[in-house]
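Undergrad: Sharing a model prediction with you, sequence too.
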Amino acid sequence: MPSWKLFSPDSSKGFSLVELLVAMTIGSVMCAMAVGGILANRKLYQHDLARTRLTQNLRSSMEYLGVNIREAGENLPLSVPAVELINGINGASDELIVRRSMIDEVLKLCQPIAAGSGVSRVYFAHIGEEAGCTFDTNLQNYSAWRDYRIEQGGTVSVYIYDPYSQLGEFFKITGEDQQISSLALIRNGGAFVNSYSVGQSALFLMEEWHFRVGDDWEGDPVFQIIENDDVANPKNVTHGLTSFQVRIFKTDGTVVEEFSRTDQWVDIASIEVTISGREIVSDAQHTEIASTYSARFFPRNILSH
């Protein structure tokens with residue numbers, strides 16, 4: 001039969017107090033190392049996530065800029081400014097404006113417009129006016145503009161520009177008016193800011209993109225686009241952009257940081273864009289990660305002139 005050995009309180013088998021303390025110390029150290037490793041990996045993950053998000057924001061902004069810069073000047077004559085660059089004061093972010101016409105057909109203004117007037121009809125064909133304003137020669141233009149407006153949902157923005165005064169502005173049209181001796185665009189209200197003369201001023205189905213760094217509703221920096229001079233409703237594109245710098249390289253070898261309406265956009269060799277951004281890591285130290293991207297683009301419609 002098996003022999004059973006009773007446990008005795010004074011038995012020498014088991015752990016001593018010292019051994020328990022040593023075991024607890026070793027266990028605590030191992031737990032601390034495990035927790036430290038987990039926290040280190042979490043911090044590394046947060047940094048990688050912030051860096052990836054920042055890189056994606058900068059790249060997407062640069063790609064969007066590149067597409068629009070390359071399309072600048074499409075269907076525009078040399079007399080209409082396709083590119084404008086506003087230099088930021090004391091190192092502040094620059095502002096870049098690019099324009100293109102959406103269709104080939106350009107309308108000639110055939111009745112003068114006075115500043116402050118709220119005319120509901122903008123005529124581009126009218127009997128008794130100068131050459132280019134005849135009814136028959138504008139029927140094709142009338143059809144092209146009507147078809148485009150309908151395709152866009154019924155209301156489109158039109159840009160009127162006088163190359164002599166170098167003044168221009170956007171207004172919206174909701175239709176066209178065809179009479180026996182005249183053709184006109186129907187405006188949706190509002191008054192003209194500038195005066196426009198017959199023989200100089202022209203009408204374009206134009207898109208304008210105004211790129212800048214602004215603030216969102218929380219006051220954080222954001223890359224913005226203003227479409228068709230709608231300054232009251234900028235579109236926030238990318239958060240985290242802190243700097244937007246632009247330089248224009250001209251065909252004569254000069255480099256400028258400002259480009260106005262009086263400058264010839266066909267003299268542009270390339271446009272260099274440098275954007276910087278930052279991301280705040282959601283760690284205890286709120287670490288800031290910063291990055292910068294640069295690229296050059298060529299407005300390909302220069303080759304058409």
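TA: Happy to help now that I have it.
Undergrad: Can you name the residues in contact with the host helix or strand of Glu207?
TA: Glu207 is part of strand 206-215 when elements are defined by DSSP states H and E. Strand 206-215 is touched from outside by 65, 68, 76, 93-102, 157-159, 170, 221-229, 234, 236, 241-244, with contacts defined as CB atoms under 8 Å, 6 or more residues apart in numbering. Glycine gets a C-beta too; all of them are placed from N, C-alpha and C.
Undergrad: among the residues you listed, which ones are buried?
TA: Buried by 16 or more other CB atoms under 10 Å: 65, 68, 76, 93-101, 157-159, 170, 221-226, 228, 234, 241-244, out of the contacts of strand 206-215.
Undergrad: So which elements touch the helix or strand hosting Phe249?
TA: Taking DSSP H and E as the definition, one finds Phe249 inside strand 241-250. Counting contacts by 3 or more CB pairs under 8 Å, 6 or more residues apart in numbering; DSSP states H and E, the secondary-structure elements packed against strand 241-250 are helix 17-70, strand 83-86, strand 95-101, strand 206-215, strand 221-227, strand 255-256, strand 268-280, strand 288-297.
Undergrad: How far away from the center of its chain is that strand?
TA: Averaged C-alpha coordinates place strand 241-250 at 13 Å from its chain's average position (CA atoms, centre = their mean, to the nearest Å).
Undergrad: so what's the most centrally placed residue in the chain bridging to?
TA: Central residue of the chain (CA atoms, centre = their mean): Ile225, 3.9 Å from the mean position. On the basis of DSSP bridges, Ile225 is bridged to Phe211, Lys235.
Undergrad: who does the strand holding Phe249 pair up with?
TA: strand 255-256 (antiparallel), strand 268-280 (antiparallel).
Undergrad: Name the residues that touch that strand?
TA: With contacts defined as CB under 8 Å, 6+ apart, strand 241-250 is touched by 57-58, 61, 83, 85, 88, 93-96, 211-213, 221-223, 255-257, 259, 267-278, 290, 292, 296.
Undergrad: which residues sit in contact with Lys108?
TA: Contacts for Lys108 (CB under 8 Å, 6+ apart) come out as Phe124, Gly132, Cys133, Ser201, Ala202, Leu203.
Undergrad: Over to the second one. Which of the three states is it?
TA: Taking DSSP: H, G, I helix; E, B strand; the rest coil as the rule, one finds Gly132 in the coil state.
Undergrad: And the contacts of stretch 95-104?
TA: Around stretch 95-104, the neighbours that count as contacts under CB under 8 Å, 6+ apart are 65, 68-69, 71-76, 80-86, 88, 144-145, 148, 159, 204-212, 244, 246, 271, 273, 299, 301.
Undergrad: low-confidence ranges in the stretch 201-305 of the chain?
TA: For the stretch 201-305 of the chain, the stretches flagged by pLDDT under 70 are 282-285.
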